[in-house]
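Asker: Generate coordinates for the sequence data below:
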Amino acid sequence: MHAKIKRLEELVNSSISAVKKLEEENSVLKHQVEALAADRQKIMKGSAAARELAEFKSKVRKKLARVTARIDKVITLQDTLFPEEPDDRQ
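Answerer: Next up is the predicted model:
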């Protein structure tokens, strides 16, 4: 009977140590998951910022293209309104 009780105590102690070990591993894994989640958020923010930058560049390029087209139109109109005459170049 005493051997059975001793064996039961050993099983309880080994179970308790296994649970403690699993709790420690769980704690480590929780920290890793939190760190990965934080990294993921940083990456997502970074990609959103990159997307926003690309959109901004695209808008600026479109505006520059429009301004360039307006300048070209004004130059064309200016040439038709005020043509350079060969006599005036002197």
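Asker: got the residue ranges for the helices in the protein?
Answerer: All helices of the chain, identified by DSSP state H, fall at 2-81.
Asker: how much space between Arg70 and Leu64?
Answerer: Distance, Arg70 to Leu64, using Cβ to Cβ, to the nearest Å: 11 Å. (Glycine included, C-beta is placed from N, CA and C.)
Asker: my bad, should have said Arg51
Answerer: Distance from Arg51 to Leu64, by Cβ to Cβ: 20 Å.
Asker: Ala48 now?
Answerer: As judged by Cβ to Cβ, Ala48 and Leu64 stand 25 Å apart.
Asker: Same check on Glu25?
Answerer: Glu25 is 58 Å from Leu64, by Cβ to Cβ.
Asker: And Arg70, how close does it get to Lys59?
Answerer: 17 Å.
Asker: what's the answer for Leu36, then?
Answerer: Leu36 is 35 Å from Lys59, by Cβ to Cβ.
Asker: for Glu34, same thing?
Answerer: Taking Cβ to Cβ, one finds Glu34 at 37 Å from Lys59.
Asker: low pLDDT regions in the protein?
Answerer: Regions of the chain meeting the criterion pLDDT under 70 cover residues 83-90.
Asker: cutoff 90 now
Answerer: 1-4, 7-8, 11-14, 17, 37-54, 72-90 (pLDDT under 90).
Asker: Contacts only, for Met1.
Answerer: If a contact means Cβ atoms under 8 Å, 6 or more residues apart in numbering, then Met1 has no contacts.
Asker: Right, I'll leave it there.
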